[in-house]
Each structure stands twice: as C-alpha cells, then as structure tokens.
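Participant: Just need the structure, nothing else, for what follows:
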Amino acid sequence: MNLPYLIHLVFLTYTILLFIRIVTFWFPAWQAHNLVRFVAFYTDPYLNIFRRLLPPLGGVLDLSPILAFFALRLLEIILLGLFR
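Facilitator: Presented below is the predicted three-dimensional model:
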C-alpha cells in the first residue's frame, strides 16, 4: 500500500464520518446512540472551526459543513500533490 493511497483512504473515511454526522444531526433521537456519539466526538471539533467562521443563517440553516467538505478536499489535493 503506497502513501498517496493511504492519504486518500484517511480523507475518504473522514469525509464519510462528516456525512454521517450531518445526516444524524437532523434526527435528534439518534444523538444518544453510541455510534453517533463516536462520530460526533471526532467530527464536531473540525466542524466547529467552520461554524465559527460561518454561523447558521437565521439560526437554523448551517452551511458550515459545505466549507468543511471543501477544506478537507482541498487539503487532500494539496497533500496528494506533494507525493506525486
């Protein structure tokens, strides 16, 4: 297994965790589930960076995950570019 593939795998895994976190945020009843708490523990600190930069519009519509996905993808492209 080469390093660029491993980097891609790590970023893909984290992207999936972010997606799970965003979807489960819409279902408050799921917040007590162990898997959701695990995902929140590892993704909320990253998402909170973007929530400070772009607070929810009208107090309801949170667009910060869009920035989070974009930044994550950009970082992956930069890192992969360094190893190619």
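Participant: Could you grab the helix/strand/coil label for Val23?
Facilitator: Following DSSP: H, G, I helix; E, B strand; the rest coil, Val23 is assigned to helix.
Participant: So that it lines up with my notes, have the first residue be 538 from now on.
Facilitator: Right, with 538 as the first residue, what we last looked at is Val560.
Participant: What's the separation between it and Thr580?
Facilitator: Taking CB to CB, to the nearest Å as the measure, Val560 and Thr580 are separated by 12 Å. To be clear about C-beta, it is placed using only N, CA and C from the backbone, and glycine gets the same treatment.
Participant: Looking at those two, which one has more neighbours?
Facilitator: Higher neighbour count among Val560 and Thr580: Thr580, with 19 against 12, using other CB atoms under 10 Å.
Participant: Let me see the contact set for the residue nearest the centre of the chain.
Facilitator: Nearest residue to the geometric centre of the chain (CA atoms, centre = their mean): Leu555, 3.3 Å. For Leu555, the contacting residues are Thr580, Tyr583, Leu584, Pro602, Ala605, Phe606, Leu609, by CB atoms under 8 Å, 6 or more residues apart in numbering.
Participant: Mind checking which of those residues are buried?
Facilitator: Buried by 16 or more other CB atoms under 10 Å: Thr580, Tyr583, Leu584, Pro602, Ala605, out of these.
Participant: what would those residues look like in TSV with distance to Pro593?
Facilitator: Compiled in TSV, these are given as follows (distance: CB to CB, whole Å):
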residue	distance to Pro593
Thr580	17
Tyr583	17
Leu584	12
Pro602	11
Ala605	14
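Participant: what's the closest of these to Val573?
Facilitator: When the buried ones among the contacts of Leu555 are ranked by distance to Val573 (CB to CB), Thr580 comes first, at 10.4 Å.
Participant: For that closest one, give me the pLDDT.
Facilitator: pLDDT recorded at Thr580 is 97.
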